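Undergrad: Sequence plus predicted model, see below.
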Amino acid sequence: MNDPALHWLLEHYHNAPAAIDSVWLCDEASREFTDHLAVRAQTQFISNRWDVCERLKAHQHGVTFNDFDLSAIADNSQERVYYRISKEKPVVHHIINAAARVLQPEGELVIAGLKNEGAKNFLDKAAQVMGCSKATQKHGLAYSAQLSKRQISVLLDDSDYSRLRPIAPLNNTGQTQGAGELLLWSKPGQFGWQKIDAGSAFLLSTLAQQNMSSNEPLTVLDLGCGYGYLSCRAAQTLFNTPQTAFTLTDNNAAALRSAHYNCEQLGLDATVVPSDAGTEIAQRFDVILCNPPFHQGFNVSDDLTERFIASAGEHLQPGGQAYFVVNAFIGAEQKAKAHFAECRELANNRQFKVLALSKPRSKP
């Protein structure tokens, strides 16, 4: 395991008494630690990542998949909360506040992160919320603290964490438009939650220019859907027959909540499924839309692109089309050869390229 912050948390966890009520809060950065945890009945795990939850379940840990909703945990009920700091400030603030609520008096928040993630600043804030002295320690690139709950006198600003909020409507070229255009909703805790992703907009504008629209009933898979922009926009501009059925899937609880809300508001025939790159989906589809992620935790990983391409090969009808938008520097064409007989570049603006994949190869 290469994450020094997670390594410190694991050492602390394994050295602590086993028979204490504790909570682990795990986001995508925690994916790699699931193979190293001792099973303890009185520890409950909460994760906003489907893949992390599935890995924890496979190792017999009790785990809940949600958007870091701790409302089911009683006030002052836990002796320890373990947390590896997340990427986003609103998420960190929300979790620090929630941890302070569920901890018993003198209960401990055991928290760690890396220097370049602003960990020292977050640990100072956590000490202020817990009403205790700062206790930050440095271990190489990691900062950590074991903070005892004294008296909560102040909470961090996380008032907007749980609230869905509208994103300014954009047209296919990325320009802001007026009232009456497509309005989507999103929230913190998912990648790119506060904007229209430029790659996704480029994908849809490319398909519109290529006359890819259809009035035939179709089944469409939105693979790694985020808050549902590709499906919602495609339903407006490309596949606008009422008989078109959309399936949206993502690994992230906040994304799934946002996508479900957006589809519901637009009246789409849509199923929203938690899944890690579509692994829980058995159906094959006429069309697949995908803007694959290329970050795993805090690191860039083009292996994710290949995983999504492989999944598209498994889920595409023999006569269907999968449309991918990827960063121009990623060699997705080479990755596609193992899974598709045909791969065509439809557009390239030097930042992104759009690929049409067809004729999925049968598994040996």
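TA: Nice, I can see it. Numbering: from 1, shown residues only.
Undergrad: use CA for all of it now, contacts and neighbours both
TA: Noted.
Undergrad: got the CA coordinates for stretch 317-334 in PDB?
TA: The C-alpha trace of stretch 317-334 is given here as PDB (Å, rounded to 0.1, in the frame of the first residue of the first chain):
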ATOM      1  CA  GLN A 317     -25.100  -5.300 -28.900                       C
ATOM      2  CA  PRO A 318     -23.300  -6.900 -31.900                       C
ATOM      3  CA  GLY A 319     -24.700  -4.200 -34.300                       C
ATOM      4  CA  GLY A 320     -24.500  -1.300 -31.800                       C
ATOM      5  CA  GLN A 321     -22.200   1.600 -31.400                       C
ATOM      6  CA  ALA A 322     -20.200   2.800 -28.400                       C
ATOM      7  CA  TYR A 323     -19.100   6.400 -28.300                       C
ATOM      8  CA  PHE A 324     -16.200   7.400 -26.100                       C
ATOM      9  CA  VAL A 325     -14.600  10.800 -25.400                       C
ATOM     10  CA  VAL A 326     -11.100  10.600 -24.000                       C
ATOM     11  CA  ASN A 327      -8.200  13.000 -23.500                       C
ATOM     12  CA  ALA A 328      -6.200  13.400 -26.700                       C
ATOM     13  CA  PHE A 329      -3.000  12.000 -25.100                       C
ATOM     14  CA  ILE A 330      -4.600   8.700 -24.100                       C
ATOM     15  CA  GLY A 331      -4.000   5.800 -26.500                       C
ATOM     16  CA  ALA A 332      -7.500   4.500 -26.300                       C
ATOM     17  CA  GLU A 333      -7.400   3.100 -29.900                       C
ATOM     18  CA  GLN A 334      -4.700   0.600 -28.900                       C
END
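Undergrad: List the buried residues in it.
TA: By 16 or more other Cα atoms under 10 Å, the buried positions in stretch 317-334 come out as 317-318, 320-327, 332-333.
Undergrad: Relative to Ser86, how far out is Lys115?
TA: Lys115 is 13 Å from Ser86, where distance means Cα to Cα, to the nearest Å.
Undergrad: ugh, wrong one, I meant Cys263
TA: For Cys263 relative to Ser86 (Cα to Cα), the value is 28 Å.
Undergrad: Can you list phi and psi of Leu10 for me?
TA: For Leu10, the backbone dihedrals (degrees, to the nearest 10) come out as phi -60, psi -40.
Undergrad: residues near the nearest residue to Ala100 once chain neighbours are set aside, how many?
TA: Leaving aside its chain neighbours, Ala100 sits nearest to Met130 (6.2 Å; criterion: Cα to Cα, 6 or more residues apart in numbering). Using other Cα atoms under 10 Å, Met130 has 29 neighbouring residues.
Undergrad: still on that earlier bit, how about the buried residues of stretch 317-334, which pair is most distant?
TA: The span of the buried residues of stretch 317-334, defined through Cα to Cα, is set by Pro318 and Asn327 at 26.4 Å.
Undergrad: residue contacts, Asn252?
TA: 48-50, 190, 226, 274 (Cα atoms under 8 Å, 6 or more residues apart in numbering).
Undergrad: Mark which of these are buried, thanks.
TA: Applying 16+ other Cα under 10 Å to the contacts of Asn252 flags 48-50, 190, 226, 274 as buried.
Undergrad: what would the contacts of Asn252 look like in a markdown table with secondary structure and pLDDT?
TA: Compiled in a markdown table, the contacts of Asn252 are given as follows (DSSP: H, G, I helix; E, B strand; the rest coil; pLDDT from 0 to 100):
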| residue | secondary structure | pLDDT |
| --- | --- | --- |
| Asn48 | coil | 97 |
| Arg49 | strand | 96 |
| Trp50 | helix | 96 |
| Gln190 | coil | 92 |
| Gly226 | coil | 96 |
| Pro274 | strand | 97 |
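Undergrad: Can you lay out the buried ones among the contacts of Asn252 as TSV showing distance to Ala100?
TA: Converted to TSV, the buried ones among the contacts of Asn252 look like this (distance: Cα to Cα, whole Å):
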residue	distance to Ala100
Asn48	19
Arg49	22
Trp50	25
Gln190	23
Gly226	30
Pro274	29
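Undergrad: Closest to His59 out of those?
TA: When those are compared for distance to His59 (Cα to Cα), Trp50 wins out at 14.5 Å.
Undergrad: where does that closest one sit relative to Leu268, distance-wise?
TA: Distance, Trp50 to Leu268, by Cα to Cα: 24 Å.
Undergrad: any idea what Asp75 is structurally, helix, strand or coil?
TA: Following DSSP: H, G, I helix; E, B strand; the rest coil, the label given to Asp75 is coil.
Undergrad: That one is in contact with Leu103, isn't it?
TA: Yes: with contact defined as Cα atoms under 8 Å, Asp75 counts as touching Leu103 (6.9 Å).
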